[in-house]
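> please work out how this folds:
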Amino acid sequence: METHTSFFSRRQHLISALRGARVPAFLVTALPNVRYLSGFTGSNGALLITSERALLFTDPRYQTQAPQESDCDVKIAKLPLIKEAASWMKRLRLNLLGFEEKRISFEEYTSLKESAPGVRLKGLPDAIERLRMVKSMEEIATIRAAVRLNSIALEQALRHFRPSMTEIDLAAEIEYRMRRLGADGPSFETIVASGKRTALPHARPTDHHIQADQLLLIDVGANVAGYASDMTRTHAVGKLDSKRRRMYRAVLESQLAAIEATKEGVSCASVDGAARRVLRGFGMDNLFIHSTGHGLGLEIHEHPRIARREKTKLQAGMVITLEPGVYDEAVGGVRIEDTVVVTQNGCEVLTPTGKELIVL
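Residues are numbered from 1 along each chain as shown. Next up, the predicted model:
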């Protein structure tokens with residue numbers, strides 16, 4: 001369980017990074033980053049951080065909750081949060097402010113500029129996201145719990161599976177099981193696709209009936225205590241022809257190669273390349289149309305990306321997904337995905353669900 005000490009330590013790391021950029025204060029508006037640095041879980045919050053103070057702004061709905069969750073100096077705003085924060089910038093006599101360049105809307109930026117005319121604004125991309133890449137032991141434990149719950153929910157839902165049920169029915173059954181097991185909810189909209197619709201990497205479940213002798217792709221994630229998990233499994237509903245079985249074998253070998261390549265000091269591009277080389281050997285690399293994986297944590301997609309041009313070196317404590325896939329419009333698609341934590345000598349696969357081709 002995370003403590004106020006954890007949040008204080010994170011803010012100190014951010015302050016150290018800001019000193020290097022010669023920025024005396026930073027305004028945080030992205031809610032996942034507000035939560036990461038303060039512990040506050042509400043739906044409306046902003047955080048003003050200096051070397052001496054951390055001010056958490058929220059509205060009257062959270063006047064009881066915010067002080068319970070956060071060790072920051074809570075300010076219940078009567079004005080919009082940006083304007084309330086700007087008034088405190090004047091009180092603190094700030095003349096330079098860093099802000100989340102990639103996270104703030106144009107409307108918020110305009111409001112900030114107009115409300116604090118004497119403050120020079122400096123956009124800093126990914127200042128907090130870089131800190132979030134390496135997880136603490138507490139974060140890894142929470143993600144591990146989310147991954148385990150996710151796998152159990154899928155296992156329970158598949159016990160109720162029958163051919164001819166719709167994709168929506170199966171997705172609803174999975175999410176119901178998640179909730180019953182204690183999840184906050186799904187970490188993204190559950191993907192259930194069958195037949196040729198499995199060739200759509202982000203297919204939304206429909207009222208399409210799941211037919212026999214087809215592929216069934218399920219991409220599912222549970223959110224536990226704010227942290228996400230992510231897993232994809234592809235199943236056979238009845239018999240599969242040799243072409244689809246070969247696709248499955250290619251993706252499985254590709255995913256295992258990515259796992260084998262994952263360890264501290266290796267570039268994300270190298271891991272992506274390991275997956276692609278296997279698919280190239282099967283003549284299927286042109287059917288792999290997305291990156292090999294991504295970081296996850298408080299958000300389902302975080303840094304780093306496991307992609308062709310991503311030069312970031314993996315560090316122990318990073319939690320990433322490995323999810324190669326192949327997609328053929330005429331046949332269907334196969335994807336296999338695990339959540340793993342990077343270690344010094346390799347990686348630990350957190351996902352307990354097996355990867356053999358299961359026939360439902």
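> what about A17, helix or strand, and which?
A17 belongs to helix 4-20 when assigned by DSSP states H and E.
> what residues sit buried inside the helix or strand hosting K75?
Per DSSP H and E: K75 is located in strand 73-76. For strand 73-76, a neighbour-count test (16 or more other CB atoms under 10 Å) marks V74, K75 as buried. C-betas here are computed from N, CA, C, even on glycine.
> now the element after that strand, going C-ward?
Assigned by DSSP H and E, the successor of strand 73-76 is helix 81-91.
> send the alpha carbons of that following helix over as PDB?
Provided in PDB are the C-alpha atoms of helix 81-91 (Å, rounded to 0.1, in the frame of the first residue of the first chain):
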ATOM      1  CA  LEU A  81      -8.800  25.300 -10.800                       C
ATOM      2  CA  ILE A  82      -6.500  27.000 -13.300                       C
ATOM      3  CA  LYS A  83      -7.600  30.400 -12.100                       C
ATOM      4  CA  GLU A  84      -7.300  29.400  -8.500                       C
ATOM      5  CA  ALA A  85      -3.800  28.100  -9.100                       C
ATOM      6  CA  ALA A  86      -2.900  31.300 -10.900                       C
ATOM      7  CA  SER A  87      -3.900  33.400  -7.800                       C
ATOM      8  CA  TRP A  88      -1.500  31.300  -5.700                       C
ATOM      9  CA  MET A  89       1.300  31.900  -8.200                       C
ATOM     10  CA  LYS A  90       0.900  35.600  -7.500                       C
ATOM     11  CA  ARG A  91       1.000  35.000  -3.800                       C
END
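> can you show me the helices along the stretch 51-200 of the chain?
Taking DSSP state H, counting those that start in this stretch, the helices of the stretch 51-200 of the chain run over residues 65-69, 81-91, 106-115, 127-132, 137-159, 167-181.
> domains in this protein, by residue range?
Domain assignment of the chain by automatic domain parsing yields the ranges 4-131, 137-349.
> to E356, which of these lies closest?
With CB to CB, the closest approach to E356 among the domains of the chain belongs to domain 137-349: 8.5 Å.
> got the end-to-end distance for the closest one?
16 Å (CA to CA, to the nearest Å).
> thinking again about what came up before, put the alpha carbons of the strand holding K75 into CSV.
Provided in CSV are the C-alpha atoms of strand 73-76 (Å, rounded to 0.1, in the frame of the first residue of the first chain):
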residue,chain,number,x,y,z
ASP,A,73,-1.9,21.5,1.3
VAL,A,74,-5.5,21.2,0.1
LYS,A,75,-7.2,24.3,-1.4
ILE,A,76,-10.9,24.1,-2.1
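> hang on, the earlier thing: list the buried ones in the helix holding A17?
In helix 4-20, counting by 16+ other CB under 10 Å, buried: S6, F7, R10, R11, L14, I15, A17, L18.
> you'd agree the second one is up against V34?
No: taking contacts as CB atoms under 8 Å, F7 lies outside contact range of V34: 10.5 Å.
> what are the contacting residues of the strand holding K75?
With contact meaning CB atoms under 8 Å, 6 or more residues apart in numbering, strand 73-76 is reached by 53-60, 62-63, 66-67, 84, 88.
> now those as TSV including distance to R197, neighbour count and pLDDT?
Formatted as TSV, the contacts of strand 73-76 follow (distance: CB to CB, whole Å; neighbours: other CB atoms under 10 Å; pLDDT from 0 to 100):
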residue	distance to R197	neighbour count	pLDDT
R53	53	12	95
A54	48	22	97
L55	49	22	98
L56	45	28	98
F57	45	29	98
T58	42	25	98
D59	42	18	97
P60	46	9	97
Y62	42	21	98
Q63	47	11	97
A66	44	23	98
P67	48	15	97
E84	48	20	95
W88	52	18	96
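> now the two most distant members of these.
R53 and P60 (21.9 Å).
> thinking again about what came up before, now the contacts of strand 73-76 in TSV, with distance to E337?
Converted to TSV, the contacts of strand 73-76 look like this (distance: CB to CB, whole Å):
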residue	distance to E337
R53	42
A54	37
L55	40
L56	36
F57	38
T58	36
D59	38
P60	42
Y62	36
Q63	41
A66	36
P67	39
E84	42
W88	44
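> circling back to that earlier point, L360: which of the domains of the chain is closest?
Among the domains of the chain, domain 137-349 comes nearest to L360, with 5.2 Å by CB to CB.
> just name the most buried of the domains of the chain.
Mean neighbour count (mean count of other CB atoms under 10 Å) peaks for domain 137-349 among the domains of the chain, with a mean of 19.
> identify the residues contacting the closest residue to G195 other than its chain neighbours.
The shortest distance from G195 to any non-neighbouring residue, by CB to CB, 6 or more residues apart in numbering, is to Q214 (4.4 Å). Contact analysis of Q214 by CB under 8 Å, 6+ apart lists S194, G195, A236, V237, G238, G332.
> before we move on, back to that, relative to I336, which of the helices of the stretch 51-200 of the chain is closest?
helix 137-159 (13.4 Å).
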